[in-house]
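Engineer: Starting from these lines, generate the structure:
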Amino acid sequence: MKVAIFDAFNGASGDMILASLLDVGIGKEEIEELVSSLGIDVSYKVTNVNINGISAKSVDVEEKGGERRFEDVLKIIKNSNLEDDVKENALAIFEIMAKAEGKVHGRDYRQSVFHEVSADDAIFDVVCCVKAFENLKKEGYTFFATPIRAGSGFVEFSHGKYPVPAPAVLEILKSSPLEFIMDGEGELLTATGAAILSHYCKPLKPFPIKVREVSYGAGKRQTDVPNVLRLILGETAFHDSVAVIETNVDDLSGEMLGYAMRKLLERDDVLDVVILPAYGKKMRPASILKVISPMHRSEEVAREVMRLTGSLGVRVMPVHHRVISERGEEVVNVEIRGKKFEVRVKRSHPGFLHLKPEFDDVVAIAEDLNIPPHVVYREILKKIDGAKDADSERE
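Structural biologist: From the prediction side, this is the model:
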């Protein structure tokens, strides 16, 4: 698996993220096209700088416009010629920032006017960053971020003096899986930086990485440590940090337990559910309900397990470095008993290390041909193996 890790040991801002992505995720020609598509009046300059002995890139943006309403920002992006995936993700990031501002000020975020959110330099930073992230996604990268150094002390805004992290930044972090550290002097993490990283990145957990490339994006302030954002591109065996949530149940009927299992499996933050037979105190028959969820969603899933089962407590066990094969799904065409069908096949990468036809497709074909599913299953595997052998001979 390809990984891109944002090491925010001294915070992050929109221009620092963009600077770290230059050349590894986006080039100058693409940036020029984005500015032209947006129709905003900005000029920018990219320079190579040396920060405490570290060579880094810096992006300086000069905007000629002033503040904009959040709704105006949406119109600019929606009416642009940007690609759909860039539009969608840029709008999502601005919505994250606007909702945070709206929550802080107690007003409808759609009617708000914000300096950082609505200024043209923020539009430039966000859209260019999104394009870079989407380029890397197409190359197969998954994004992670280390705990972000957010700063400390106070910062001046138009409304007065506020503690760091700023209220809007704190609202963004509240709904984000990413972690932060209140350390460092002044404001190190901006709302734009927090929103971009929260939208794209998962929290980094320990796993082995083979580093392929390192890039640095420079900040503007002088700080006690190099004011750069470090981007690490590398590869790792496919790892998945998950949590196993389990509880013993001895007072629910089989129907009620089955209902709980079904409702849990309907959630997008539940990866799997199993029920195991057991004996409890005084040899009472019981069941152990085990649920697997992503690590950062385990608290929400645990609460749902307690709600559905009436359990007073659950066990949450982190499972680190669960190595799994990199999997994919593709549609293959097969001919069985003279009829052509499309079958979804799950496979491991690289190649067909292990393949499994989707059972719903197997059943549909079996009912169409009025033959048992196990016969169809064998026929599909035979056809796929034959096609694979033919491809090997051609190579």
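Engineer: can we go C-alpha only for contacts and neighbour counts from here?
Structural biologist: Will do.
Engineer: and the closest residue to residue 213 other than its chain neighbours, helix, strand or coil?
Structural biologist: In this structure, residue 213 finds its nearest non-sequential neighbour in residue 233, 5.1 Å apart by C-alpha to C-alpha, 6 or more residues apart in numbering. The three-state label for residue 233, taken from DSSP: H, G, I helix; E, B strand; the rest coil, comes out as strand.
Engineer: swap in the one 10 residues further on?
Structural biologist: Reducing the assignment at residue 243 to three states with three-state DSSP gives strand.
Engineer: Just list whatever residues bridge to it.
Structural biologist: For residue 243, the beta-bridge assignment (DSSP bridges) gives partners residue 293, residue 318.
Engineer: hmm, back to that, what about the residue nearest to residue 213, how many residues nearby?
Structural biologist: 22 (other C-alpha atoms under 10 Å).
Engineer: Give the bridge partners for it, please.
Structural biologist: The residues that residue 233 bridges to, once DSSP bridges is applied, are residue 4, residue 213.
Engineer: Please give me every residue in contact with it.
Structural biologist: 2, 3, 4, 5, 211, 212, 213, 214 (C-alpha atoms under 8 Å, 6 or more residues apart in numbering).
Engineer: any idea which of those residues is closest to residue 155?
Structural biologist: For the contacts of residue 233, the minimum distance to residue 155 (C-alpha to C-alpha) is 28.1 Å, reached by residue 5.
Engineer: Domain map for the protein?
Structural biologist: With domains defined by automatic domain parsing, the chain comprises 2-235, 240-323, 327-394.
Engineer: tell me the phi and psi of the closest residue to residue 127 other than its chain neighbours?
Structural biologist: Spatial nearest neighbour of residue 127, chain neighbours left out: residue 90 (5.7 Å); criterion: C-alpha to C-alpha, 6+ apart. When read as degrees, to the nearest 10, the backbone of residue 90 gives phi -60, psi -40.
Engineer: Residue 90 contacts residue 125, correct?
Structural biologist: No. Using C-alpha atoms under 8 Å, residue 90 is not in contact with residue 125; the gap is 9.9 Å.
Engineer: which residue ranges form the helices in the protein?
Structural biologist: For the chain, helices defined by DSSP state H occupy the ranges 14-21, 28-38, 70-78, 84-105, 115-118, 120-138, 167-174, 191-200, 254-265, 298-309, 359-369, 373-394.
Engineer: residues contacting residue 305?
Structural biologist: Residue 305 neighbours (C-alpha under 8 Å, 6+ apart): 260, 264, 311, 314.
Engineer: count of neighbours near the first one?
Structural biologist: Right, residue 260. 18.
Engineer: In space, what's closest to it - neighbours in sequence excluded?
Structural biologist: residue 308 (5.6 Å).
Engineer: how many neighbours does the one you found have?
Structural biologist: Neighbours around residue 308, by other C-alpha under 10 Å: 15.
Engineer: about what we covered before: please identify the most buried of the domains of the chain.
Structural biologist: Each of the domains of the chain was scored by mean neighbour count; the highest is domain 2-235, a mean of 19, by mean count of other C-alpha atoms under 10 Å.
Engineer: start to end distance for that one?
Structural biologist: Distance across domain 2-235, first residue to last, is 4 Å (C-alpha to C-alpha, to the nearest Å).
Engineer: What average pLDDT does it get?
Structural biologist: Mean pLDDT, domain 2-235: 90.
Engineer: next one: it to chain centre, how far?
Structural biologist: 15 Å (C-alpha atoms, centre = their mean, to the nearest Å).
Engineer: Number the residues from 280 up from this point.
Structural biologist: In the new count, where the first residue is 280, that last one comes out as domain 281-514.
Engineer: The residue nearest to residue 492 and residue 286, how far apart?
Structural biologist: Counting by C-alpha to C-alpha - residue 512 and residue 286 are separated by 11 Å.
Engineer: Mutual contacts of those two, please.
Structural biologist: With C-alpha under 8 Å, 6+ apart as the test, residue 512 and residue 286 reach no residue in common.
Engineer: Make sure residue 507 is actually in contact with residue 297.
Structural biologist: No. Judged on C-alpha under 8 Å, residue 507 makes no contact with residue 297 at a distance of 11.6 Å.
Engineer: Identify the contacts common to the two.
Structural biologist: Shared contacts of residue 507 and residue 297, defined by C-alpha under 8 Å, 6+ apart, are found at residue 496.
Engineer: And the residue of the chain positioned farthest from its centre, how close does it get to residue 529?
Structural biologist: Residue farthest from the centre of the chain, counting by C-alpha atoms, centre = their mean, is residue 561 at 46.3 Å. As judged by C-alpha to C-alpha, residue 561 and residue 529 stand 11 Å apart.
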